[in-house]
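A.B. asks: Fold the following, please.
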Amino acid sequence: MRKRKFIFSLYIILLILLASYIVSIKINDTNQQSRINEIQKNINDTFLYQISQFNTCLNIQTFEGEDYKKCLSSVSTASTLSNLTSFEKNNDLLDVTLNKFYIALLNLKDVSIINKNSSTLADIFSAMHNNPEEEKVTNSLLEFTNNITNY
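C.D. replies: As a prediction, this is how the structure comes out:
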C-alpha cells in the first residue's frame, strides 16, 4: 500500500513538473512571437520613414550635391529593407523596383530629369508610403525608372 502511494505521489509530481514545463514553453513562445512582431513593425516603420524621406527630398529646389546623396541614401535604405518588410509578401516587385530605381539614380547623367518629374515622383512615393503593398504604385515607379534609364 505504501509503495502504491509513493508511486502515485511520484506520478503527481511528474505531472506537475510536466505541466509547469509546458506552461513555461508556451510563455516563452508568446514572448518570442511578441518580439518577432516588434522587430517586424520596426522594419516596416523604418522602410516607410525612408520612403517619406525621399519624398521630402523631392521638395528641395535643387536635386544635387549633398541633397542628392541624402536622397540616394533614402532610396538605398528603403530598397535594402523592402525585402524584409511584411509589404513584400503582397507586392513581390517592391524590392526589385526600388533597387532598380536606386541604380538608375546612381547612373543618371542629368539629374534635372528628377527636378522636372518631381511632382510625378512625389505622387508615386506618397502613394507607396500610404500603401506599400499596392502593386499599381510599384509598377508606376518601374515604368518611370525604365523611362529615365532610356533617356
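A.B. asks: ok, which stretches of the chain are helices?
C.D. replies: For the chain, the helices defined by DSSP state H cover 2-58, 65-82, 94-106, 112-116, 118-130, 135-149.
A.B. asks: highest average neighbour count across those?
C.D. replies: helix 94-106 (a mean of 20; mean count of other Cβ atoms under 10 Å). The way it works is simple: take the backbone N, C-alpha and C, and place the C-beta from them, glycine included.
A.B. asks: ok, back up a step: tabulate the helices of the chain (CSV), appending distance to E88.
C.D. replies: As requested, the helices of the chain are arranged in CSV below (distance: least, Cβ to Cβ, whole Å):
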stretch, distance to E88
helix 2-58, 9
helix 65-82, 6
helix 94-106, 5
helix 112-116, 25
helix 118-130, 13
helix 135-149, 10
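A.B. asks: Phi, psi for N107 please.
C.D. replies: phi -100, psi 10 (degrees, to the nearest 10).
A.B. asks: Check what pLDDT it gets.
C.D. replies: We have a pLDDT of 86 for N107.
A.B. asks: Show me the shaky parts of this structure.
C.D. replies: 1, 61-64, 150-151 (pLDDT under 70).
A.B. asks: switch the cut-off to 90
C.D. replies: 1-36, 55-72, 92, 105-119, 147-151 (pLDDT under 90).
A.B. asks: residues contacting the residue positioned nearest the centre of the chain?
C.D. replies: The centre of the chain sits closest to T85, judged by Cα atoms, centre = their mean, with a distance of 2.8 Å. Counting by Cβ atoms under 8 Å, 6 or more residues apart in numbering, T85 makes contact with Q40, I43, N44, F47, L94, P132.
A.B. asks: Quick check: the fourth one vs L106, distance?
C.D. replies: Going back to what we said before, that points to F47. 20 Å (Cβ to Cβ, to the nearest Å).
A.B. asks: again, but for the last one
C.D. replies: Distance, P132 to L106, by Cβ to Cβ: 22 Å.
A.B. asks: N83 now?
C.D. replies: From N83 over to L106 (counting by Cβ to Cβ), the distance is 19 Å.
A.B. asks: same thing with N146?
C.D. replies: 16 Å.
A.B. asks: do the same with E133
C.D. replies: For E133, the distance to L106 - Cβ to Cβ - is 26 Å.
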